[in-house]
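*Asks:* A structural model of the following input is requested.
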Amino acid sequence: MKFSIQLSDGYTFGVNNINLDYIYSGFIEASPGAFTRFSNRKLDEIHKTIKDIRSGIIKGRYTLEPEMVDESDHWNPATLEKYKQRGGIFECGKCLKEYKVEAEISNVEYSITIEMYLSAKEIDTVPIPELIQNAVANLSFEEIKDYCNYFDLSDL
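*Replies:* Okay, the predicted model is just below:
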């Protein structure tokens, strides 16, 4: 599926490829609070990636700051109650949305992969092109230009 997105300053990019990864794949949901602990470790990795992008170590990628959600939303309320009744101690805090989405976008001279995090509910209820457009709607070309791969057309 090919479609276009528009940045806040009117620049248009075509979306060439979309990759969805379930970030909790292989993760064992042992107890309430586990998503929060896992997310805190994962968030450290994400912030390191953002730092590496901004310092120029990583090129051709831009990671949007992930929104966190309440972990308790992942658990059935009855499961939480049973766990409490058995004396389980847990802290359901904030955790990452379930899916990492990478959208490879390009125009004539520039290309970049935009990385974002979306929930299963968002993906189930809103078309992917709309979710990607919403995610990049506040980005300007000037904001991401230095992180893009540049193709000099004068060399052709």
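*Asks:* switch to C-alpha atoms for all contacts and neighbour counts from now on
*Replies:* OK.
*Asks:* max-length helix in the protein?
*Replies:* Taking DSSP state H as the criterion, the chain has its longest helix at helix 34-54.
*Asks:* tell me which residues in the least confident helix or strand in the chain by mean pLDDT are buried?
*Replies:* Lowest by mean pLDDT, DSSP states H and E among the helices and strands of the chain is helix 77-85, with a mean of 73. Using 16 or more other CA atoms under 10 Å as the test for burial, helix 77-85 gives residue 80.
*Asks:* which other residues reach the following helix or strand past it?
*Replies:* Sequence order places strand 94-96 as the next helix or strand after helix 77-85, per DSSP states H and E. Applying CA atoms under 8 Å, 6 or more residues apart in numbering, the contact partners of strand 94-96 are 35-36, 38-40, 43, 66-71, 117.
*Asks:* closest one to residue 2 out of the residues you listed, please.
*Replies:* Set against residue 2, the nearest of the contacts of strand 94-96 by CA to CA is residue 117 (20.8 Å).
*Asks:* before we move on, the earlier item: buried stuff in the longest helix of the chain?
*Replies:* Under the neighbour-count criterion of 16+ other CA under 10 Å, helix 34-54 has 34-37, 39-40, 43, 46, 49-50, 53-54 buried.
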